[in-house]
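Visitor: after the sequence you'll find the predicted model.
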Amino acid sequence: MLGLLEGKRILVTGVLTDDSLAYAVAELAQEQGAEIVLTGAGRGMSLTRRVARHLPSPPDVLELDVTVPDQVDAVAEDLKSRWGALDGVLHSIGFAPASCLGGGFLDAGWDDVKVALEISAYSLKLLATGFRGLMQAAGGGSIVGLDFDATVAWPGYDWMGVAKAALESTSRYLARDLGPDRIRVNLVAAGPVKTMAAKSIPGFSLFEEAWNGRAPLGWNAKDPKPVAQACVALLSDWFPATTGEMLHVDGGFHAMGV
């Protein structure tokens, strides 16, 4: 189906390399007719600018560090001048210090844990409130976040798992409070995909091994397209009455027992 996002204006966060899930979403969004702007932060800005040139229509890259609220305001002002309104936002932002991953759950200190929570979970609320006015101007819109199902404990995921649980809860409260503005808030719980972020998780190979033997539809950790398709569908007008949802795109792994 072509033109699913025709005329839509979408802000995409989290593009670092061309194997990023956010890159796959940005690429497909453009193919489906969207006009997009990317964001980057800190030392990653140069990577985002470089990879942006690989997209079908190289988009602008704006600086957005979610630990600096003024930058959210600056991006909102830019988009207001550029487009006047905003139809969708992809939240693909997550980070945890090394102490919060890899089996150190009992040892990680609050100073590191709060970084993981602020960047990986609170940032969803920050983007939602920061761009709410632009989405109201569009008559509503869609916020889609990338998730890794936090209803269970995963090996090595530790405090990032807690941060993802906070992300999931945050999305539900945002869905409640932004629904009257016709702003939908949903998450896509992806199976393991080989990205730069995944490589930073100790024991990532354990996830791949588990998925290969249990997902009834099978799972290709090298293929981000199924996740991108789900995100683009949720950013489109095809789910007008769906909000507060966590959509699993994991080959059916989540539904199996053993």
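Guide: All right, it came through fine.
Visitor: got the CA coordinates for stretch 168-188 in CSV?
Guide: The C-alpha trace of stretch 168-188 is given here as CSV (Å, rounded to 0.1, in the frame of the first residue of the first chain):
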residue,chain,number,x,y,z
GLU,A,168,5.0,1.5,29.2
SER,A,169,3.2,3.0,32.1
THR,A,170,4.0,6.5,31.0
SER,A,171,2.4,5.8,27.6
ARG,A,172,-0.8,4.7,29.2
TYR,A,173,-1.1,7.9,31.3
LEU,A,174,-0.3,10.0,28.3
ALA,A,175,-2.9,8.2,26.3
ARG,A,176,-5.4,9.1,29.0
ASP,A,177,-4.5,12.8,29.2
LEU,A,178,-4.0,13.5,25.5
GLY,A,179,-7.0,11.5,24.2
PRO,A,180,-9.2,14.6,24.3
ASP,A,181,-6.8,16.3,21.9
ARG,A,182,-7.1,13.3,19.5
ILE,A,183,-3.5,12.5,20.1
ARG,A,184,-2.8,8.8,20.2
VAL,A,185,0.1,7.3,22.2
ASN,A,186,1.2,3.7,21.5
LEU,A,187,4.2,1.5,21.8
VAL,A,188,5.7,-1.1,19.5
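Visitor: contacts for it next, please.
Guide: When contacts are taken as Cβ atoms under 8 Å, 6 or more residues apart in numbering, the neighbours of stretch 168-188 outside the stretch itself are 121-122, 124-125, 128, 132, 135-136, 139-147, 150, 167, 227, 230-231, 234, 239-240, 242-247, 249. All C-beta atoms are positioned from the backbone trio N, CA, C, and that covers glycine.
Visitor: got a PyMOL select line for the buried ones in those?
Guide: Buried members of the contacts of stretch 168-188, defined by 16 or more other Cβ atoms under 10 Å, are picked up in PyMOL with:
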select buried, resi 121+122+124+125+128+132+135+136+140+141+142+143+144+145+146+147+150+167+227+230+231+234+239+243+244+246+247+249
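Visitor: let's see which of the contacts of stretch 168-188 end up in helices.
Guide: With helices identified by DSSP state H, the entries of these that belong to them are 124, 125, 128, 132, 135, 136, 167, 227, 230, 231, 234.
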